[in-house]
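> could you look at this predicted model? Sequence included:
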Amino acid sequence: MTEKPDAALHVAEALSESGSPRRIVVDGVPFFEVYSEARRMLVCSALGHLYAVAAKEPRSQSEYPVWEFVWKPKHLVQRGQERQKKWIQAIAKVSEQADRFIDACDFDLEGSLIGYMVLKYACQGADKKAQRMKFSTLTETELKHAFANALPQLNFPLVFAGMCRHEVDWLFGINLSRALTQSALKASGRYATLSTGRVQGPTLRFIVERQQEIDTFVPTPYWLIIVQLEVNGQVVSADYENGRLEKRIDARHVVESCKGKAGLVEALDSAEYDLAPPNPFDLPSLQNEAFRFLGMTPRVSLGLAERLYLDQLISYPRTSSQKLPPSIGYERIIKSLGQLDSYRADCAYVLGQSRLVPNEGTKTDPAHPAVYPTGTLPKRQLDNRERKLFDLIVRRFLASFGRTARKRTIKATVKVADHRFALRGSRLIDDGWTKLYRPYAKFDDVFLPLLAVGQPALIRDVKSEQKFTQPPPHYNPCSLLRKMEDSEIGTQATRADIIETLYRRGYATGQQITSTPLASRIIEILTKHCPKIIDVTFTRELEARIEEIERGSESREHVVLQTVGYLKPIVETLKAEEREIGQELAALLREMRDESITLVTPCPQCGSRLKIAKNPRTKKRFIGCAGKWRNRCKYSLPLPQLGTLTLLRKFCPDCGFQLIQVRSRGRRQLVSCCRCYARKTAD
Amino acid sequence: MVDECPICQRLNGKDSQFCSLHSQASKNLEGQYERWRAALGEEIDQSEYFQQLLRLEETGQAVRDVIEYLQRSRAGAT
């Protein structure tokens, strides 16, 4: 059993003696029939997680706290999981005839858990006798090897670590999110999904705190001295040696004393240093480079990398390793990649080097090596984004085998009056690995004229420029992911999804992440009522304990019990203060709702505010004027009656009226100017 | 002292007339005034300081709110 259907086909093809497995369908679920050494095998797949944590006793969705849980088929816990139900039933039916089970899910925490749950529950306790295939690529050679050398049993510590992570996350999520949602519901009478979680809370705190730093930032002035020097008949820019000046009077003094003066080259310093080749990609560095050079969010790059993995083009991407063991076959991969025109020259260059050793980083992963191209060539036309990501991975792989590059820098110190200015130049004297990692590695040479100590240098222009200190930058999806990684919260598998959840819940907006008023208020409330929830300390400690379970030195039950012990007083406090919390949230939700139905454009007839309203009799929605009661203004505009309306911060290019977006399921979203529409229909 | 921040109507802190965000903005505003005076090397009165900050895009939104509130309060007092 594999984790996903695509992987099942690759496994079946690799294990089939004929090379072409027969696809059979059992109750609408595909299986692949394979004969190997005269034994009949069926290769099937899960659909990701088929089982989920749920409350032990069926209770109302609003009840909390909830401490007792069980694992249940996902279709009994979540809506819209009919396909998953069919899958479980078909696997259960087929498994009755099986005498041997092999788990071929991805060899990590999530994959191990997916396989275990299906074997245990759908295959009537087959987890105890199942074998485990361990592989990092879906290539035929590796799959055959993994099958022939299947581990005698499942990796139970990894399974229990996975279970524990899901269970503690469920305990956090269900209790805290219900506490917030129910508090707001009881106080306002309106339902709004308000969530927080073990990792989500501290992550939200990062962006809210950064937003507050930006919002309370007071810039202060400083001055830079801008100098143009003429040396050897060439005009070059130089930096004032002391950098920025904090006082205007000092800047003026430097300018006055240097104006029209001649200086001398006082010293020349040159240095050469090595630029080591980059390490092979672990997932965070892949996501970082994909964001930097290709503009892909971490979630997008992970999704694309998984597609490339399922196409056998790259190794398993969810890895924290920066190591490439020789067993992957460096030469074979590079030779194979060399068949592609775009890499031919670079592969020949790498193979022509005297030694083939990648510049490995320090990070390791017990289950997988770093991300690398398998050497399998694309069998289908990759789409634009897949092609770009594949190119980045291939070039990074090749660059990690490159020679060390070397850079020379020159600094000339020019003395004018009592002040010193620095001329800086730099040049790559040996491009080494950098030429394998183009266009991603780019070093611009800065040339200086020929210089000698004692040479005259004329000041052609000197001026001071007033600047202001800058606020800290907003987080972007990638820098936030790095912050989570540095704070040791979340995992490679979950971080990108948690960031996405912050957007979905309306806590964050934009690529330069801005926290919304809702996010600030949630953090304010949590800080006031239960600061432990948004403190990274417990989450970080919990990650360490889960790693201990993975290593077999801690028990899952112990960690879950500790989590309950930690959470209980927090949830009890939230429950006791439900009324106060609810009032605070309700006020915010009212403000947000009011904002979401009030137009920025004023009424063209009386200048009052325009609002989206509903006719109480016909139930039809329209734009009406709030001045109706005050000055009897009857201005109104029609609105589409179907779909979700959003007031955009964009205005009609023809009449300047605020634009409205209409979204309805199965239809293209529509952006419309209600005023122009009303005029056209009136004409 | 009233319970609500006069700028955003949220609950104010114990030692400030503002909420925590506007209180921090107010502290920063006050704290950086001396740096501005030292940097410019001449007397810059508070209203000129406020005007300059309102012109700069680097100035935080909460700081702008506080400046505008102080300006309104002073205009009201005169």
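All right, it came through fine. Numbers count the residues shown, from 1 in each chain, chains lettered A, B, ... in the order given.
> which sections of chain B are below the confidence cut-off?
For chain B, applying pLDDT under 70 flags the ranges B:1-2, B:12-14, B:77-78.
> which stretches in it count as helices?
Taking DSSP state H, the helices of chain B run over residues B:20-40, B:46-55, B:61-77.
> right, and those helices - which one's nearest residue A:342?
Taking Cβ to Cβ, helix B:61-77 is the member of those nearest to residue A:342, at 47.5 Å. Just so you know, the C-beta spots here come from the backbone N, C-alpha and C atoms, and that holds for glycine as well.
> now for the closest one, which elements pack on it?
helix A:200-215, helix B:20-40, helix B:46-55 (3 or more Cβ pairs under 8 Å, 6 or more residues apart in numbering or on different chains; DSSP states H and E).
> of those, which is nearest residue B:8?
helix B:20-40 (6.7 Å).
> what angle sits between the closest one and helix B:46-55?
In terms of direction (axes from the mean of the first three to the mean of the last three Cα atoms, to 10 degrees), helix B:20-40 departs from helix B:46-55 by 110 degrees.
> what's helix B:20-40 in contact with?
Helix B:20-40 is contacted by residues A:212, A:215-218, A:220-222, A:246-248, A:520, A:524, B:5, B:7-8, B:12-13, B:16, B:18, B:43-44, B:46, B:49, B:52-53, B:60, B:62-63, B:65-67, B:69 when judged by Cβ atoms under 8 Å, 6 or more residues apart in numbering or on different chains.
> quick one, which of those are buried?
Neighbour-count burial (16 or more other Cβ atoms under 10 Å in any protein chain shown) is assigned, among these, to A:212, A:215-218, A:220-222, A:248, A:520, A:524, B:5, B:7-8, B:12, B:18, B:49, B:52-53, B:60, B:62-63, B:65-67, B:69.
> may I see the helices and strands packed on helix B:61-77 organised as CSV, with distance to residue A:677 added?
Listed next are the helices and strands packed on helix B:61-77 as CSV, based on distance: least, Cβ to Cβ, whole Å:
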stretch, distance to residue A:677
helix A:200-215, 37
helix B:20-40, 40
helix B:46-55, 38
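> so which of those is the most packed in?
Most buried of the helices and strands packed on helix B:61-77 by mean neighbour count (mean count of other Cβ atoms under 10 Å in any protein chain shown) is helix A:200-215; its value is a mean of 22.
> the next helix or strand after that helix near chain B anywhere?
Using DSSP states H and E, the helix or strand that directly follows helix A:200-215 along the chain is strand A:221-231. Yes - against chain B, strand A:221-231 shows contacts by Cβ under 8 Å from any Cβ of the partner chain at A:221, A:222.
> same for strand A:221-231, what does it pack against?
Here strand A:221-231 touches strand A:234-240, helix A:248-258, strand A:419-430, strand A:456-468, helix B:20-40, going by 3+ Cβ pairs under 8 Å, 6+ apart.
> could those go into JSON lines alongside distance to residue A:138?
Shown next, in JSON lines, are the helices and strands packed on strand A:221-231 (distance: least, Cβ to Cβ, whole Å):
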{"stretch": "strand A:234-240", "distance to residue A:138": "53"}
{"stretch": "helix A:248-258", "distance to residue A:138": "63"}
{"stretch": "strand A:419-430", "distance to residue A:138": "38"}
{"stretch": "strand A:456-468", "distance to residue A:138": "54"}
{"stretch": "helix B:20-40", "distance to residue A:138": "51"}
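> what's the closest of those to residue A:610?
helix B:20-40 (29.5 Å).
> using PDB, write out every CA atom in the closest one.
Taking C-alpha atoms only, helix B:20-40 is exported to PDB below (Å, rounded to 0.1, in the frame of the first residue of the first chain):
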ATOM      1  CA  SER B  20      -1.500  49.200  24.600                       C
ATOM      2  CA  LEU B  21      -0.800  49.900  20.900                       C
ATOM      3  CA  HIS B  22      -1.300  53.600  21.000                       C
ATOM      4  CA  SER B  23       0.400  53.800  24.300                       C
ATOM      5  CA  GLN B  24       3.500  52.200  22.800                       C
ATOM      6  CA  ALA B  25       3.300  54.600  19.800                       C
ATOM      7  CA  SER B  26       3.000  57.500  22.200                       C
ATOM      8  CA  LYS B  27       6.100  56.400  24.100                       C
ATOM      9  CA  ASN B  28       8.100  56.000  20.900                       C
ATOM     10  CA  LEU B  29       6.900  59.400  19.700                       C
ATOM     11  CA  GLU B  30       8.000  61.000  22.900                       C
ATOM     12  CA  GLY B  31      11.300  59.000  23.100                       C
ATOM     13  CA  GLN B  32      12.400  59.900  19.600                       C
ATOM     14  CA  TYR B  33      11.800  63.600  19.900                       C
ATOM     15  CA  GLU B  34      15.100  64.200  21.600                       C
ATOM     16  CA  ARG B  35      16.900  62.300  18.900                       C
ATOM     17  CA  TRP B  36      15.300  64.500  16.300                       C
ATOM     18  CA  ARG B  37      16.300  67.600  18.200                       C
ATOM     19  CA  ALA B  38      19.900  66.300  18.600                       C
ATOM     20  CA  ALA B  39      20.100  65.300  14.900                       C
ATOM     21  CA  LEU B  40      18.800  68.600  13.500                       C
END
